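Student: Sequence and computational prediction follow.
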Amino acid sequence: MNEADSQELDQALPDEELDDEAALDAGDEPDVLLDVSQLRVDEISLEVDDLRARVALQADVLSLLKLHVGVEAELGRVNLTIKGVEAQALLKVRLDNVARIIERVLTTIDDNPDIVERLVEQAGETAGTAVGEVKRSVAPAKKRPAKGSRPSPARRSEED
Amino acid sequence: MAGGRAPRADVEMVAAVSADELRFDAEPRVGVRFPGTGNRDSRQVTKRRNVDTPVQPGKTYRRVFVATRIGSRLLDE
């Protein structure tokens, strides 16, 4: 890594930000926080196969808006020995950005209520089509003989 | 995505490990993904001290530090 890269990383990920108290004092309070602030172990021999950590946020507004954002870290295979360990882990979810996006959508709906009317009409049409399909698929099934019933004379003569 | 320099991530993982000694018996297989929909700003920033990239199996690293921050943010566009 060259010096410029190192400086960029130092700016993006300074050590003090890895201290949870400093991060929180900086007005960085998330809405959801999982904090493993201090983990100390003398020695670990670790063998891991397919370990995943995932944080995701999902929000839907009718069929108008579907928000999904996540991060996922995967350890496919790790085999290590580590001594004198100090570790820290934080998982954070912040809702302010998503709330702002949803608020804009709701404001748009407030200003244009016909959007919802069109959605309801579309939903009604879709439901009507679905009901029609179900009726059509059920109708032939009613005409089929029940399992175990006697075959028709024509069918019997074929079998003879 | 750190405070003040860029918008904060909607979802974020931060992990840091320091150790007196570290030895990998095999080269680790690791990966990061950013599942989601729409326009997003997704980043991973990692800082390592006294650890090769990639790590060498069987080599003992001393006084190591590894920290990583993985975050993603929906873009309101």
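Tutor: That came through fine. Please read all numbers here as calculations on a predicted model, not as lab measurements.
Student: right, and A:Gly70 touches A:Ala53 too?
Tutor: No. In terms of CB atoms under 8 Å, A:Gly70 does not count as a neighbour of A:Ala53; the distance is 10.9 Å. Where you see a C-beta, it was placed from the backbone N, CA and C, and this is true even at glycine.
Student: between those two, who's got more neighbours?
Tutor: A:Gly70 (20 against 14; other CB atoms under 10 Å in any protein chain shown).
Student: Would you check how far apart that one and chain B are?
Tutor: In this view, A:Gly70 and chain B are 4 Å apart by CB to the nearest CB, to the nearest Å.
Student: For chain B, give me the ranges with low pLDDT.
Tutor: Within chain B, the set of residues satisfying pLDDT under 70 comprises B:1-6, B:77.
Student: rerun at 50
Tutor: Scanning chain B for pLDDT under 50 picks out B:1-4.
Student: what ranges do the strands span in it?
Tutor: B:11-24, B:29-33, B:40-49, B:60-74 (DSSP state E).
Student: right, so of those strands, which gets closest to A:Arg40?
Tutor: A:Arg40 sits nearest to strand B:11-24 of all the strands of chain B, at 10.2 Å, using CB to CB.
Student: list the helices and strands that closest one packs on?
Tutor: strand A:32-61, strand A:65-93, strand B:60-74 (3 or more CB pairs under 8 Å, 6 or more residues apart in numbering or on different chains; DSSP states H and E).
Student: go again using 6 Å as the cut-off
Tutor: strand A:65-93, strand B:60-74 (3 or more CB pairs under 6 Å, 6 or more residues apart in numbering or on different chains; DSSP states H and E).
Student: And that strand, how far out from the chain middle?
Tutor: Mean C-alpha position of strand B:11-24 versus that of the full chain (CA atoms, centre = their mean, to the nearest Å) differs by 9 Å.
Student: Setting aside sequence neighbours, what's the nearest residue to the residue most central in space within chain B?
Tutor: Nearest residue to the geometric centre of chain B (CA atoms, centre = their mean): B:Thr68, 2.9 Å. Of all residues not flanking B:Thr68 in the chain, B:Thr46 sits nearest, at 4.3 Å (CB to CB, 6 or more residues apart in numbering or on different chains).
Student: can you check B:Gly38 too?
Tutor: Per CB to CB, 6+ apart, closest to B:Gly38 is B:Leu74, 6.3 Å.
Student: A:Leu95 versus the one you found, what's the distance?
Tutor: 11 Å (CB to CB, to the nearest Å).
Student: Settle it for me: which of the two has more neighbours?
Tutor: Between B:Leu74 and A:Leu95, counted using other CB under 10 Å, the more crowded position is B:Leu74 (24 against 14).
Student: you'd agree that one is up against A:Lys66?
Tutor: No. B:Leu74 sits out of contact with A:Lys66 when judged by CB atoms under 6 Å, with a separation of 11.1 Å.
Student: who in chain B is up against chain A?
Tutor: B:2-3, B:8, B:10-26, B:28-37, B:40, B:45, B:47, B:67, B:69-70, B:72, B:74, B:76 (CB under 6 Å from any CB of the partner chain).
Student: Report the buried members of those.
Tutor: B:2, B:8, B:10-19, B:22-24, B:28, B:34, B:36, B:40, B:45, B:47, B:67, B:69-70, B:72, B:74 (16 or more other CB atoms under 10 Å in any protein chain shown).
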